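1. Below are the sequence and a predicted model for it; my questions follow.
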Protein chains: 2
Amino acid sequence: MDNGDIPENANEHCPGPQSESAGKSDACEGCPNQQICATAPKGPDPDLVAIAERMATVKHKILVLSGKGGVGKSTFSAQLAFALAAMDFQVGLLDIDICGPSIPKMLGLERQDIHQSNLGWSPVYVESNLGVMSIGFMLPNPDDAVIWRGPRKNGLIKQFLKDVYWGELDFLVVDAPPGTSDEHISIVQCLDATGVDGAIIVTTPQQVSLIDVRKEVNFCKKVGVKVLGVVENMSGLCQPLMDFKFMKLTDNGEQKDVTEWILGYMREKAPEMLNLMACSEVFDSSGGGALKMCNEMGVPFLGRVPLDPQLCKAAEEGRSCFADKDCVVSAPALKKIIEKLIEANGLSMAASNGV
Amino acid sequence: MDNGDIPENANEHCPGPQSESAGKSDACEGCPNQQICATAPKGPDPDLVAIAERMATVKHKILVLSGKGGVGKSTFSAQLAFALAAMDFQVGLLDIDICGPSIPKMLGLERQDIHQSNLGWSPVYVESNLGVMSIGFMLPNPDDAVIWRGPRKNGLIKQFLKDVYWGELDFLVVDAPPGTSDEHISIVQCLDATGVDGAIIVTTPQQVSLIDVRKEVNFCKKVGVKVLGVVENMSGLCQPLMDFKFMKLTDNGEQKDVTEWILGYMREKAPEMLNLMACSEVFDSSGGGALKMCNEMGVPFLGRVPLDPQLCKAAEEGRSCFADKDCVVSAPALKKIIEKLIEANGLSMAASNGV
């Protein structure tokens, strides 16, 4: 895909330090890196061989990407992993968001440590068939900032792929940070030879989020990763009317909480309202949302997941929403999406108990 | 702050390629980079001198950071810039989110081009006192992915600081991507000698977002950037009850839109409800939210901005929420925060018309 990191101080038309002509091409004349480029070892990265060996026991590899951050990518990755594990698949979840790892919290695995055996680093297990790996497990203090530039992040991603002993896996779900930079180039380069099933892209209905999704789709096309589909998350808020708080604007512009009073008033005067769901679009989707974008770009649309406070809560507490009777709005939506994903891509080849 | 990018293949205890002992320390023995490190030029980066010259006409520099993406950082940056400009300050807004630039859209400047003069690159102007610079203006196709590793991103950030002709500015607001990686290290390194007033950190009330904010606060402490304060965004959804859609769950689990009917029913049976605001927490803030985190970490809390569909709309359409009579919930909240920020940091030194 590329010929290695091009240094900031390289000449124009640098062929790339990994290229066969590195340090020897006309463009290299006078470049401060010419000597090291000309003498550095070239050819296939020995790490890639080690990664291919590790990945030989993994049947399917799925990347979860997003253009913008905060669209619920890690929440989706976590719930996808929970769902696949509930279907009796052997599942691994790898968090390559080095600077902002959310996966440990979302799987209920805070303050867990990684153990090392003679087979490699052992993932942390939520269940016997759901193992998780994240830099979050390696930080002595969860508040520590990981102030790393690209090369160091790439080094850790390689190590995750090379040194983690997953055993036999049906699915490896890789949760990437937002964007199209170091982590993304690295994971695709590292997994390229081992075969990646494709990428799921998570977005919100906002235009500003969809702009970045288009970039993400083009990134996938450029690097040759199939787009398995796009999930529109936070697709409106929907919750029982009884779960809202009600405020009245007073004459001086302050808000006064009148929830108690209104609940009584409704019971007495308008009982038909008690069982309603109230829905708000939240994010403006007048531009047509993800569905329109998918049609335009020729990639599959997997479905919408509404903004559900109960799903947010399950994610914060590291629980599967599928086992949570309060996730009435989001769990069925997620279930449909995952079933569609599995069916459309022929991913189902083990016994399934249903989500 | 650091001694340059440590290469992935460096020895343990690498002193850093920019260190005086690079290539010469005991730890360098046998490192593949030893030779280039020993011979590469050291000392102050000549670019930093050029940056200091450019920044000499900028009175205040404010970074807008977030731990996680999608918390509304760019929306806040855009509205902060609008507000400062409305107060008659000379304002520049620099977008250093190279892989996901949202600022052009949020200022209503899509499809604008940057012009070059003998003074440097000219920002794109929203108003005569509000100039904007972003990689978004440089992409021939807005859907193009910018698949760049760190060094190339750092190069562009340097160029933005060195080559953009802002003229006399009261405020330069820098909108950073989420996290604590290349872009953040670069901007802090580049601006270090020119004096940065500090950073505003934007978050949501969720635990998973606050975990990353703690990292961001620690990043600021580590690199010596003052935290001007934390803004809690998407702090619950609040909107007029009349703006919701109402759904009824039918016996077979489908949702039926009964909005029309319910509006009539309310008018007749429960008119007191017509003027209410309905609020939902959306994101679980039972952990105490940003206020508690600020108290624990000893940084100022600037205030809360509720999730307001009207603000989302203004942002999508590139408008200031302060000039929008529909932003009844978010505009007063944002105004308070910006006033607090200016007052607490003694930033006001030009005539002000009020926001």
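-> Noted; the coordinates are in hand.

2. how close does the closest residue in space to A:Gly120 that isn't next to it in sequence get to A:Gly131?
-> Counting by CB to CB, 6 or more residues apart in numbering or on different chains, A:Tyr165 is the residue found nearest to A:Gly120 once chain neighbours are left out, at 3.8 Å. Heads up, the C-betas are built off the backbone N, CA and C, glycines and all. For A:Tyr165, the distance to A:Gly131 under the criterion CB to CB, to the nearest Å works out to 9 Å.

3. doesn't B:Gly287 make contact with A:Lys313?
-> No: here A:Lys313 does not reach B:Gly287: they are 11.1 Å apart, not a contact under CB atoms under 8 Å.

4. neighbour-wise, which of the two wins?
-> Set side by side, A:Lys313 and B:Gly287 show more neighbours around A:Lys313, with 19 against 13, by other CB atoms under 10 Å in any protein chain shown.

5. What residues does A:Glu216 make contact with?
-> Contact analysis of A:Glu216 by CB atoms under 8 Å, 6 or more residues apart in numbering or on different chains lists A:Leu65, A:Ser66, A:Gly67, A:Thr180, A:Ile201, B:Ala145.

6. Now compare the residues you listed and name the two farthest from each other.
-> Taking CB to CB, the two most distant members of the contacts of A:Glu216 are A:Ser66 and B:Ala145; they sit 12.8 Å apart.

7. how is chain A carved up into domains?
-> Following the assignment in the TED database, chain A carries domains at A:47-236+A:284-345, A:245-280.

8. which of these is buried the deepest?
-> The highest mean neighbour count among the domains of chain A belongs to domain A:47-236+A:284-345 (a mean of 21), with neighbours defined as mean count of other CB atoms under 10 Å in any protein chain shown.

9. Tell me the gap between that one and the middle of its chain.
-> Using CA atoms, centre = their mean, to the nearest Å, the distance from the centre of domain A:47-236+A:284-345 to the centre of the chain it belongs to is 3 Å.

10. any idea of the pLDDT on the residue of the stretch 101-250 of chain A at minimum distance from chain B?
-> Scanning the stretch 101-250 of chain A for proximity to chain B using CB to the nearest CB identifies A:Gly150 as nearest, at 3.3 Å. Among the per-residue scores, A:Gly150 holds a pLDDT of 88.

11. residue ranges for the helices of the stretch 51-200 of chain A, please.
-> Assigned by DSSP state H, counting those that start in this stretch, the helices in the stretch 51-200 of chain A fall at A:73-86, A:103-106, A:150-163, A:182-191.

12. residues contacting the closest residue to A:Ile103 other than its chain neighbours?
-> Distance criterion CB to CB, 6+ apart; nearest residue to A:Ile103, sequence neighbours excluded, is A:Asp95 at 3.7 Å. A:Asp95 makes contact with A:Ser74, A:Ser77, A:Pro101, A:Ser102, A:Ile103, A:Pro104, A:Val132, A:Met133, A:Ser134, A:Ile135, A:Gly136, A:Asp175, according to CB under 8 Å, 6+ apart.

13. wait, isn't the first one in contact with A:Met106?
-> Meaning A:Ser74. Yes: at 5.7 Å, A:Ser74 counts as touching A:Met106 under the criterion of CB under 8 Å.

14. what residues are shared contacts of the two?
-> Common neighbours of A:Ser74 and A:Met106, counting by CB under 8 Å, 6+ apart, are A:Ala315, B:Val208.

15. remind me which residues of chain A are low pLDDT?
-> Counting by pLDDT under 70, chain A has low-confidence residues at A:1-5, A:41-43, A:253, A:348-355.

16. for it, what's the longest helix?
-> Here the longest helix in chain A is taken by residue count, with DSSP state H as the criterion, and it is helix A:207-223.

17. Run the chain-centre distance for the helix or strand that it is followed by.
-> Tracing the chain past helix A:207-223, the next element assigned as helix or strand by DSSP states H and E is strand A:227-240. Centroid displacement of strand A:227-240 relative to its chain, using CA atoms, centre = their mean, is 14 Å.

18. name the helices or strands packed onto strand A:227-240?
-> Identification of packing neighbours for strand A:227-240 by 3 or more CB pairs under 8 Å, 6 or more residues apart in numbering or on different chains; DSSP states H and E yields helix A:73-86, strand A:198-203, helix A:207-223, strand A:277-280, helix A:289-297, strand A:301-307, helix A:309-316, helix A:330-344.

19. Reformat these as JSON lines; add distance to B:Tyr125.
-> Listed next are these as JSON lines, based on distance: least, CB to CB, whole Å:
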{"stretch": "helix A:73-86", "distance to B:Tyr125": "35"}
{"stretch": "strand A:198-203", "distance to B:Tyr125": "31"}
{"stretch": "helix A:207-223", "distance to B:Tyr125": "21"}
{"stretch": "strand A:277-280", "distance to B:Tyr125": "35"}
{"stretch": "helix A:289-297", "distance to B:Tyr125": "30"}
{"stretch": "strand A:301-307", "distance to B:Tyr125": "36"}
{"stretch": "helix A:309-316", "distance to B:Tyr125": "40"}
{"stretch": "helix A:330-344", "distance to B:Tyr125": "43"}
